[in-house]
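**Q** Fold the following, please.
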Amino acid sequence: MEKKVNIIGAGLAGCECAYILANNGFKVRLYEMKPQYKSEAHKSNDFAELVCSNSLKSELLTNACGLLKKEMSVFGSLFIEAAYNAKVPAGQALAVDRDIFSNYITKKIKSNNNIEIIYDKVESIDNIEGIKVIATGPLTDEKLMTSLQNILGQDSLYFYDAAAPIVSRDSIDMSIAYWGDRYTQERGREESEEDWRKRIADIKEADYLNLPMNKEEYDAFIEELINAEVVTLHDFEKREIFEGCMPIEVMAKRGKDTIRFGPLKPVGFTDPRTARRPYANVQLRMENKE
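**A** Below you'll find the model as predicted:
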């Protein structure tokens with residue numbers, strides 16, 4: 001009897017699942033609504049589209065994120081294979097060029113003879129016979145989402161649209177910004193400004209572009225951030241806010257210094273203009289090698 005599995009969604013989890021099953025002899029039907037149908041967050045026609053961050057977190061084996069990626073690699077993960085093919089400099093993190101990453105996975109999935117791709121919406125899992133793997137993620141079609149909530153209950157499912165901001169390098173004031181990885185160009189306590197400037201002048205490569213803020217700039221930024229117009233949330237987005245993926249404006253409203261001790265922490269940096277640690281530091285990661 002032929003072993004066949006239906007996978008709904010050709011995102012990160014769906015493609016990984018399809019690839020592993022197909023390489024182990026299973027016949028797979030992979031359902032994907034793109035390119036006929038897209039959410040507002042979708043931009044590409046490729047599978048495994050990264051609609052949020054292009055960072056896959058740390059590569060270090062001394063933490064859970066790095067260890068998980070190593071284990072996935074050992075088990076033949078397509079996700080990890082594609083990530084290293086599309087890697088861009090990001091310090092100790094694994095970050096990817098999202099277009100190269102998605103395109104690599106798409107080609108691998110399309111060329112696998114054990115995977116049949118069905119380009120269509122799935123509005124109810126009752127319409128599909130056999131084993132079903134639901135891998136539609138946070139951008140699930142509304143009718144399917146309602147169908148799943150009727151089966152599993154409203155409190156069992158959470159859906160959030162997500163989009164990471166991307167800025168063009170030519171829009172950045174390079175008289176203020178500077179290249180540097182955390183701690184590599186920090187001025188030592190006993191180091192004179194002259195010695196420090198000589199040392200950082202010899203640093204030829206850095207993976208991150210930094211935008212330092214003084215107290216006045218930071219205070220003005222926070223004021224604008226917490227009072228800015230925000231996107232109107234869908235009903236299904238108005239409940240829990242997850243600590244590991246929190247909107248910056250929500251974090252800022254917890255307290256004036258919250259993001260200065262979080263994503264904008266200045267520890268490990270020295271502002272070249274002042275030779276002192278900045279009050280806050282915005283760190284930008286490369287989107288692509290260009």
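**Q** hey, where'd the strands end up in the stretch 51-200 of the chain?
**A** Along the stretch 51-200 of the chain, counting by DSSP state E, counting those that start in this stretch, strands occupy 55-58, 87-88, 93-96, 115-119, 131-134, 178-179.
**Q** can you redo those strands as JSON lines with mean pLDDT?
**A** JSON lines is the format used below for the strands of the stretch 51-200 of the chain (pLDDT from 0 to 100):
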{"stretch": "strand 55-58", "mean pLDDT": "90"}
{"stretch": "strand 87-88", "mean pLDDT": "94"}
{"stretch": "strand 93-96", "mean pLDDT": "94"}
{"stretch": "strand 115-119", "mean pLDDT": "96"}
{"stretch": "strand 131-134", "mean pLDDT": "95"}
{"stretch": "strand 178-179", "mean pLDDT": "90"}
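**Q** Mean neighbour count, these: which tops it?
**A** Comparing the strands of the stretch 51-200 of the chain by mean neighbour count (mean count of other CB atoms under 10 Å), strand 93-96 comes out on top with a mean of 22. Bear in mind the C-beta positions are built from the backbone N, C-alpha and C, glycine included.
**Q** quick one: which of the strands of the stretch 51-200 of the chain is nearest R29?
**A** strand 115-119 (5.0 Å; CB to CB).
**Q** Alpha carbons only: can I get that closest one in PDB?
**A** Extracted C-alpha coordinates of strand 115-119, given in PDB (Å, rounded to 0.1, in the frame of the first residue of the first chain):
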ATOM      1  CA  ILE A 115       6.200  15.600  -3.800                       C
ATOM      2  CA  GLU A 116       3.000  16.600  -5.700                       C
ATOM      3  CA  ILE A 117       2.300  20.300  -5.400                       C
ATOM      4  CA  ILE A 118      -1.300  21.500  -5.400                       C
ATOM      5  CA  TYR A 119      -1.700  25.300  -5.800                       C
END
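**Q** How far away from the center of its chain is it?
**A** 26 Å (CA atoms, centre = their mean, to the nearest Å).
**Q** what would the strands of the stretch 51-200 of the chain look like in a markdown table with distance to A206?
**A** Converted to a markdown table, the strands of the stretch 51-200 of the chain look like this (distance: least, CB to CB, whole Å):
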| stretch | distance to A206 |
| --- | --- |
| strand 55-58 | 16 |
| strand 87-88 | 13 |
| strand 93-96 | 14 |
| strand 115-119 | 41 |
| strand 131-134 | 42 |
| strand 178-179 | 4 |
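**Q** closest to D155 out of these?
**A** strand 131-134 (17.3 Å).
**Q** The closest one pairs with which strands?
**A** strand 4-8 (parallel) (DSSP bridges).
**Q** now the strand it pairs with and strand 115-119, what's the angle there?
**A** 40 degrees (axes from the mean of the first three to the mean of the last three CA atoms, to 10 degrees).
**Q** List the buried residues in strand 4-8.
**A** Buried residues in strand 4-8, counting neighbours by 16 or more other CB atoms under 10 Å, are found at V5, N6, I7, I8.
**Q** Using CSV, write out the CA atom coordinates for that strand.
**A** Extracted in CSV, the C-alpha atoms of strand 4-8 (Å, rounded to 0.1, in the frame of the first residue of the first chain):
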residue,chain,number,x,y,z
LYS,A,4,0.8,9.2,1.2
VAL,A,5,0.7,12.3,3.4
ASN,A,6,-1.1,15.6,2.8
ILE,A,7,0.7,18.7,4.0
ILE,A,8,-1.2,22.0,4.1
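**Q** Quick one: mean pLDDT for that strand?
**A** Mean pLDDT, computed over strand 4-8, is 95.
**Q** what about the helices in the stretch 51-200 of the chain?
**A** Counting by DSSP state H, counting those that start in this stretch, one finds helices in the stretch 51-200 of the chain at the ranges 64-74, 78-85, 98-110, 142-152, 193-201.
**Q** Tell me who's in contact with P247.
**A** I241 (CB atoms under 8 Å, 6 or more residues apart in numbering).
**Q** ok, now A201?
**A** Contacts here follow CB under 8 Å, 6+ apart; on that basis A201 touches nothing.
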